[in-house]
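Colleague: Okay, predicted coordinates and the sequence, questions at the end:
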Amino acid sequence: MTTQDKVTLGQVNSNKVQGTFFSRHHIDLPLLFGLFAALCFSLFVLYSASGQELDMLLRQITRTGAAFLLMIVVAQIPPRLYAKASIYLYIVGLILLILVELFGDISKGAQRWLNLGFIRIQPSEIFKVVMPLCVATFLSKTSIPPKFITTIGAFIIVGMPTVLILLQPDLGTASLVAVAGCIGIFIAGLSWWWIIIGAGAGAAALPVMWNFVLHDYQKQRVLTLIDPSSDPLGAGYHIIQSKIAIGSGGLYGKGWLQGSQSQLDFLPEPHTDFIFAVLSEETGLIGFIVLISLYCFIIGRCVLITLNTKDNFERILCGSFTFTFMFYIFVNIGMVSGILPVVGVPLPLISYGGTAMITLTICFGMIMSIHTHKKTSFFRKE
């Protein structure tokens, strides 16, 4: 055997060992790489957005590390166990939402938190994961596309927690939870007639929602979206400053740590909801392209995993998580850019915070679990 043959054989054996290591630990390497790159980019932007506050950066690094460990733990659990647990998680989530309505802490006019003594939780966040999981489990046990009565049942599953979250009131989270569930129903083969009827019913319900459902501050957000200049120092201040930051970035940006809107505190919540404006101001169009490229890589990998799933449950669940992730991105960038009302949705994987990070990594952990567990499914195929 020549020296070249030995080198080639050594490389092949090394690749086999590496592949075995990641597959044995149920880790999808391309998806892990994309998430890690996005989170590193997040720390780069966050240091500037936080006003160069090192303590905040260290807290985010700690939270990121914990979230990654949780994602790997979640990936070890076979998908069939998640399916079996979905109904119990759904019931527990509903009970917690009812307890919030009865005994929840009130903060800034909203009743969203439940104080358990040793920990304070926001139960509505649970449904960002539980809703797609429960819908996927329910629909995968029936024929695809779902029949009329099955579709009604799926909408009831989506509707109950959505209404309870609306009562808190939390329109942003309620919208995200509802969309996460409806995406799963759509992926299962929802008829276009349902979509047309739903769109018509939604349009007809707008006057009722405006007069009887939306609170005054929610109405103000919609009016501010239409004309931010009507109250430039009040309700329109956030979006005006955000647009100034985005527009002033140009092609290359003003430079890292050099953004006037963020560094001089003109921009509200620069490290959370409006971190995209900081990125655009300091890194310009180039930074935006880098961020979107990272997002596209992650989404593309998730779509590929979805297309290679072995049954309806996995396909609906992966597809729901993937398109919900895309929806989060669209809502935050649209909100900061002034094409959507401000609803308090953080930029996925980039904004400072622990709850949203954990929710996302749990979803990606489930996607990895689906991709790496290849045992026979309990669910019906096509």
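Modeller: Received the coordinates, thanks.
Colleague: Look at the closest residue to Val74 other than its chain neighbours and give its secondary structure.
Modeller: Using Cβ to Cβ, 6 or more residues apart in numbering and skipping the chain neighbours, the partner closest in space to Val74 is Gly365 (3.0 Å). For every residue, glycine as well, the C-beta is placed using N, CA and C. The three-state label given to Gly365 by DSSP: H, G, I helix; E, B strand; the rest coil is helix.
Colleague: doesn't Pro79 make contact with Leu133?
Modeller: No: between Leu133 and Pro79 there is no contact, the gap being 9.8 Å when judged by Cβ atoms under 8 Å.
Colleague: residue contacts, the residue nearest to Val74?
Modeller: 70-75 (Cβ atoms under 8 Å, 6 or more residues apart in numbering).
Colleague: from those, which ones fall inside helices?
Modeller: If you go by DSSP state H, the contacts of Gly365 have 70-75 in helices.
Colleague: wait, which of the residues you listed is closest to Thr142?
Modeller: Nearest to Thr142, judged by Cβ to Cβ, of the ones in helices among the contacts of Gly365 is Val74 at 26.4 Å.
Colleague: SS state for Gly250?
Modeller: coil.
Colleague: Around it, count how many other residues there are.
Modeller: 12 (other Cβ atoms under 10 Å).
Colleague: go on, Ser175?
Modeller: For Ser175, using other Cβ under 10 Å, the count is 17.
Colleague: One more: Gly159?
Modeller: 12.
Colleague: Can you name the helix or strand that it falls in?
Modeller: Assigned by DSSP states H and E, Gly159 belongs to helix 148-166.
Colleague: other SSEs contacting the next helix or strand after that helix?
Modeller: Later in the chain than helix 148-166, the nearest helix or strand by DSSP H and E is helix 171-187. Under the contact criterion of 3 or more Cβ pairs under 8 Å, 6 or more residues apart in numbering; DSSP states H and E, helix 171-187 touches helix 127-140, helix 148-166, helix 312-337.
Colleague: now the nearest residue to Ser229 once chain neighbours are set aside: how far from Ile275?
Modeller: Leaving aside its chain neighbours, Ser229 sits nearest to Gly236 (6.2 Å; criterion: Cβ to Cβ, 6+ apart). Gly236 sits 20 Å away from Ile275, going by Cβ to Cβ, to the nearest Å.
Colleague: Please apply the same query to His25.
Modeller: 32 Å.
Colleague: Compare the two (neighbour count), which wins?
Modeller: Ile275 (26 against 12).
Colleague: State the mean pLDDT of stretch 343-350.
Modeller: On average, the pLDDT along stretch 343-350 is 86.
Colleague: next one: that stretch to chain centre, how far?
Modeller: Centroid separation for stretch 343-350 versus its chain: 8 Å, with Cα atoms, centre = their mean, to the nearest Å.
Colleague: now do stretch 90-99
Modeller: On Cα atoms, centre = their mean, the centre of stretch 90-99 falls 21 Å from that of its chain.
Colleague: element containing Gln111, please.
Modeller: strand 110-115.
Colleague: Paired strands for the helix or strand following that strand, with orientation please.
Modeller: Per DSSP H and E, the first helix or strand lying C-terminal to strand 110-115 is strand 120-121. If you go by DSSP bridges, strand 120-121 pairs up with strand 110-115 (antiparallel).
Colleague: Tell me which residues are up against the partner strand.
Modeller: By Cβ under 8 Å, 6+ apart, strand 110-115 touches 96, 99-101, 103-105, 107, 120-124, 168-170, 173.
Colleague: quick revisit: can you give me the distance of the residue nearest to Val74 to Phe212?
Modeller: Distance from Gly365 to Phe212, by Cβ to Cβ: 40 Å.
Colleague: Cool, thanks, signing off.
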